[in-house]
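>>> coordinates for the following, if possible.
(chains A and B)
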Amino acid sequence: MKTATATTTKTKSDTRLVDGLNLVLADCYQLMALTHLAHWNVEGPGFFQLHKAFEHQYEELFHAIDDIAERVRALDAYAIGGLSKLAQTADMDEFGPTMSQKDFVAALIVAHEKVIDDATRTRDHAAEMSDLETQDLMIKRLTFHQKTVWMLKSFLK
Amino acid sequence: MNSLAATICTHEPCTSTTCRLTCALEVIDELLQAQGTVRGEEVDALLDLRSLLRHRENAEAALALFCQLRRTMEERHYLAFYRLRRWLENQIEATVRIVRGAPERTAALRLDWYCLEPVRFHCLQSVRQLGEPVLAPRVRFTFRANTHQVEDGRQALVALASDVIPT
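Below you'll find the predicted structure:
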């Protein structure tokens, strides 16, 4: 049985693509941690809505992380890990536990935008390499993050 | 992806070490283009703020103007003011003197208030040691020296030197 597509074989040796995927992996991991922090500590009149929305978001990110890491492995490379390594790679601005609910939302928008930026570049590079599977995965990620940014922005209006 | 996000963090995450000089200017430009939600006098104030941030000279005036604009506009443009706040916190620092004649200390800026005096007070408290007396204190705001700017200046000098010095 054939287990690797032609595009996968071609992209196996492409370190830029793997680096891009690992960066998106680190971004998503850190964003998940930040969303979890917001879920625990958000306060105010929008508490129930935001607490629930943040829970949905970090759960989605948890599954996404697994998909991205497994794609790295499918390209015959290794997925990065370890909290300090992931935080260092993602290099996102962290925030503390005591903020207004609007600040939590704004900070998460900025973090989602960072993922969108990195995932867009990885998607485009995958397209250049004709790696449709990685491109498809990045498109799915972008769809989620763009939708989440729209929802979070709507809350601020 | 919205254009505001694209202009702010396209190549580098916006942290204190990597924040690009133009971030805040781009946010202000977006605000100036937000038709129907910015009043005439706010446009004038935004242009003044843009000029102060561009020249990086009068941090005190920039912060005072930012606080004034924040009080009137944040409700309508929360995200833009959040970005400006983070940018200013990364780019401006406070120099604190607790006692007249004592050495100055540097404090990080936190823009959690809507006018300058509580910001100043927070900076003072953040570097003051327990029980330390306060006598004629002074808190000054200044733009941080920017590594990008230094590098740009260095490159400009090298380019100038290569033009002037015959090889």
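>>> pull the contacting residues for B:Pro24.
That one is not Pro; residue B:24 is Ala. B:53, B:83-84, B:87-88, B:91 (CB atoms under 8 Å, 6 or more residues apart in numbering or on different chains). Heads up, the C-betas are built off the backbone N, CA and C, glycines and all.
>>> most neighbours, which of those?
Compared across these, B:Leu53 has the highest neighbour count, 27 neighbours, by other CB atoms under 10 Å in any protein chain shown.
>>> quick one: that one and B:Leu25 touch, right?
Yes. With contact defined as CB atoms under 8 Å, B:Leu53 reaches B:Leu25; the gap is 6.3 Å.
>>> can you tell me the element the one residue sitting closest to the centre of chain A falls in?
Nearest residue to the geometric centre of chain A (CA atoms, centre = their mean): A:Cys28, 2.9 Å. A:Cys28 belongs to helix A:15-41 when assigned by DSSP states H and E.
>>> same thing with B:Ala94?
If you go by DSSP H and E, B:Ala94 is part of strand B:92-97.
>>> count the neighbours of the closest residue to A:Tyr58 other than its chain neighbours for me.
Once flanking residues are discounted, A:Tyr58 sits nearest to A:Thr35: 4.2 Å by CB to CB, 6 or more residues apart in numbering or on different chains. Here the number of neighbours of A:Thr35 (other CB under 10 Å) works out to 25.
>>> check the one 3 residues further on too.
The local packing of A:Ala38 (other CB under 10 Å) involves 25 other residues.
>>> contacting residues around it?
Counted by CB under 8 Å, 6+ apart, A:Ala38 has contacts A:50, A:54, A:104, A:107-108.
>>> on that earlier part again, out of the contacts of B:Ala24, who's near chain A?
Filtering the contacts of B:Ala24 for proximity to chain A by CB under 8 Å from any CB of the partner chain leaves B:Arg83.
>>> how about the strands in chain B?
B:92-97, B:105-108, B:138-143 (DSSP state E).
>>> helices along the chain, start to end?
Because you didn't say which chain, this covers chain A. Listed in chain order, the helices of chain A (DSSP state H) span A:6-11, A:15-41, A:47-74, A:83-90, A:101-128, A:132-156.
>>> oops, chain B please
Using DSSP H, helices in chain B cover B:3-8, B:23-33, B:40-55, B:59-73, B:78-91, B:116-127, B:147-164.
>>> which one of the ones you listed is the most hemmed in?
helix B:78-91 (a mean of 21; mean count of other CB atoms under 10 Å in any protein chain shown).
>>> could you check the angle helix B:59-73 makes with that one?
170 degrees (axes from the mean of the first three to the mean of the last three CA atoms, to 10 degrees).
>>> helix B:78-91: how far from the chain's middle?
From the chain centre to the centre of helix B:78-91 is a distance of 8 Å (CA atoms, centre = their mean, to the nearest Å).
>>> the inter-axis angle of that helix versus helix B:23-33?
160 degrees.
>>> just to revisit the earlier point, quick one: the helices of chain B as JSON lines, columns for mean pLDDT too.
Below are the helices of chain B laid out as JSON lines (pLDDT from 0 to 100):
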{"stretch": "helix B:3-8", "mean pLDDT": "39"}
{"stretch": "helix B:23-33", "mean pLDDT": "92"}
{"stretch": "helix B:40-55", "mean pLDDT": "94"}
{"stretch": "helix B:59-73", "mean pLDDT": "96"}
{"stretch": "helix B:78-91", "mean pLDDT": "94"}
{"stretch": "helix B:116-127", "mean pLDDT": "95"}
{"stretch": "helix B:147-164", "mean pLDDT": "51"}
